[in-house]
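In: Structure of the sequence below:
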Amino acid sequence: MSLDEGERTGGCHCGAVRFRVRLANGLNSARRCDCSLCRMRGAVAVTARQGDLTITQGAEILTLYQFNTGVAEHYFCSLCGIYTHHRRRSDPSQFGINAACLDGVSPFDFREIVVNNGRQHPNDRTGQPGSDIIGILTFTPAAGD
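Out: Next comes the predicted model:
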């Protein structure tokens, strides 16, 4: 798996939603967040800029979910329920793309994933010190895998 490769295709579990995306920094931007929604969905997200994501099939099937400030836009397939992408609250000119929805990519391909502090969102800590990174998730395959 090449971490630097920029343009990829992907889709939801049932195949009703398909997209093409140019990743801002390839798969090197992979990360997780510990906000209330991300903790529950557990997805690894990679970064794309606005204009670099094209829904090629099933745009009408996507469902939008927003909470709290309503700035972030989280998109899910209304048929299979898979989260495909979201517009970021921290930078609405960026999308977080579910790495597991990219063709040929699995979250278990990443040995280490940075975890961002979403519980204390950067936009809510104005003037307060704090790190955006709260930890690293590590995956160690079992012997023989």
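
In: Correct me if wrong, but Glu60 is in a helix.
Out: Yes. Under DSSP: H, G, I helix; E, B strand; the rest coil, Glu60 falls within a helix.

In: Pull up the gap between Pro107 and Asn98, please.
Out: Plainly put, Pro107 is 9 Å away from Asn98 if you go by Cβ to Cβ, to the nearest Å. C-beta here means a position set from N, CA and C on the backbone, and glycine is covered the same way.

In: hey, what's in contact with both of these two?
Out: Residues touching both Pro107 and Asn98 (Cβ atoms under 8 Å, 6 or more residues apart in numbering): Ala43, Val44.

In: and these two? which has more neighbours close in?
Out: Asn98 (22 against 16; other Cβ atoms under 10 Å).

In: Test for you: state the pLDDT assigned to the more buried one.
Out: pLDDT for Asn98: 97.

In: That one and His85 touch, don't they?
Out: Yes. Taking contacts as Cβ atoms under 8 Å, Asn98 lies within contact range of His85: 6.3 Å.

In: hey, where'd the helices end up in the protein?
Out: In the chain, the segments counted as helices under DSSP state H are 36-41.

In: and the longest strand along it, what does it pack onto?
Out: Ordering each strand of the chain by length in residues (DSSP state E) puts strand 45-57 first. Using 3 or more Cβ pairs under 8 Å, 6 or more residues apart in numbering; DSSP states H and E as the contact test, the elements touching strand 45-57 are strand 18-27, strand 31-33, strand 83-87, strand 94-98.

In: Lowest mean pLDDT across these, which one is that?
Out: Confidence, taken as mean pLDDT, is least for strand 31-33 of the helices and strands packed on strand 45-57 (a mean of 90).

In: Quick one: residues in contact with that strand.
Out: In this structure, residues lying in contact with strand 31-33 by Cβ under 8 Å, 6+ apart are 38-39, 42-46, 113-118, 137.

In: That concludes my questions; thank you for your assistance.
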